[in-house]
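Novice: compute the structure for the input listed below.
(one chain, ligands or ions: 1)
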Amino acid sequence: MVGLAIAGAVAATAAGYQSMAPTGQWFGRAFHGLPRGSKQIALTFDDGPNDPHTLNLLDILAKHHVIATFFLIGRYARQRPEIAVEIAKRGHLIGNHTFTHPLLIFQSDSRVRQEILQCREAITDAVGEHSNLFRPPWGGRRPGIFGLVRQLGLEPIMWNVTGYDWNPPSSGYIEQKVSGKVRGGEVILLHDGGHKAFGADRSRTVAAVSRLIPRYKSEGYDFVSVREMMRSQGS
Ligand SMILES: [Zn+2]
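Specialist: Below is the predicted model of the structure:
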């Protein structure tokens, strides 16, 4: 009995971990990067559009001729569609990050569907056609979510490096978190907005990105969209 109880507890903990772990595949497969050693890096920015940090970031990306992937929160795209338009105009990929950013683990199928469709509509109203990439808030999922996502014609995208830029003490901290992990083939999670409220200060993320890009470009890395990275994998 004791053995069983312990085994059960371990399994429950592991399942809990898997439901948030960005590279865990228990609850369905999702793209999260290339095998180590690729010369590609994909920067991804969640929780925008945001003001003024999204536009500042777009200027940095343009300066270095880098294409990135932005997972937008639908309600912010509704609030400030012109920023979403700017992201699209500069050639970046736009993906779906739900309408209100709930943790999907605790939502019913119909709520998940509604969140995704409302977000898609908000982005479509702002920029028209956009990518079919989807990222769950906090990477949270439960069995069945990715199936539902695919039924709606979307492709779930996770990540394998995080910049821990939710509330960083400095831009150097973010830079260090990312650079400690880069070996090539990474999908890097960063934020140009905040899920709690519009207007989150992401100046540290923008500053970190302005240093990370030239550093890795000078080492021969290529910054690409998630879609391009998936193409090189052949998926
Ligand atoms: Zn998010």
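
Novice: what packs against the longest strand seen in the chain?
Specialist: The longest strand of the chain (DSSP state E) is strand 40-48. Other elements packing on strand 40-48 under the criterion 3 or more CB pairs under 8 Å, 6 or more residues apart in numbering; DSSP states H and E are helix 53-63, strand 69-72, strand 187-191, helix 203-218, strand 222-223, helix 226-233. No exception for glycine: its C-beta is placed from N, CA and C like everyone else's.

Novice: how does it look with 6 Å?
Specialist: Judged by 3 or more CB pairs under 6 Å, 6 or more residues apart in numbering; DSSP states H and E, the packing partners of strand 40-48 are strand 69-72, strand 187-191, helix 226-233.

Novice: so which residues on the protein come close to the ion?
Specialist: By CB under 5 Å from the ion, the residues of the chain that approach the ion are 46-47, 137, 195.

Novice: as CSV, those residues with pLDDT would be great.
Specialist: Putting the residues of the chain next to the ion into CSV (pLDDT from 0 to 100) gives the following:
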residue, pLDDT
D46, 98
D47, 98
P137, 97
H195, 97
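
Novice: if I look at S203, how far off is G33?
Specialist: Counting by CB to CB, to the nearest Å, the gap between S203 and G33 amounts to 27 Å.

Novice: so for those two, which residue has more residues nearby?
Specialist: It is G33, of S203 and G33, that has more neighbours when counted by other CB atoms under 10 Å, with 25 against 12.

Novice: run through the bridge partners of that one.
Specialist: E186 (DSSP bridges).

Novice: check contacts around it.
Specialist: Listed by CB atoms under 6 Å, 6 or more residues apart in numbering, the contact partners of G33 are 160, 185-187.

Novice: next one: phi and psi at P35?
Specialist: phi -60, psi 150 (degrees, to the nearest 10).

Novice: what's the local residue count around it?
Specialist: By other CB under 10 Å, 9 other residues sit near P35.

Novice: from G184, how far off is it?
Specialist: 9 Å.

Novice: export the contacts of G33 to a markdown table and tack on neighbour count and pLDDT?
Specialist: A markdown table is the format used below for these (neighbours: other CB atoms under 10 Å; pLDDT from 0 to 100):
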| residue | neighbour count | pLDDT |
| --- | --- | --- |
| N160 | 19 | 94 |
| G185 | 22 | 95 |
| E186 | 25 | 96 |
| V187 | 26 | 97 |
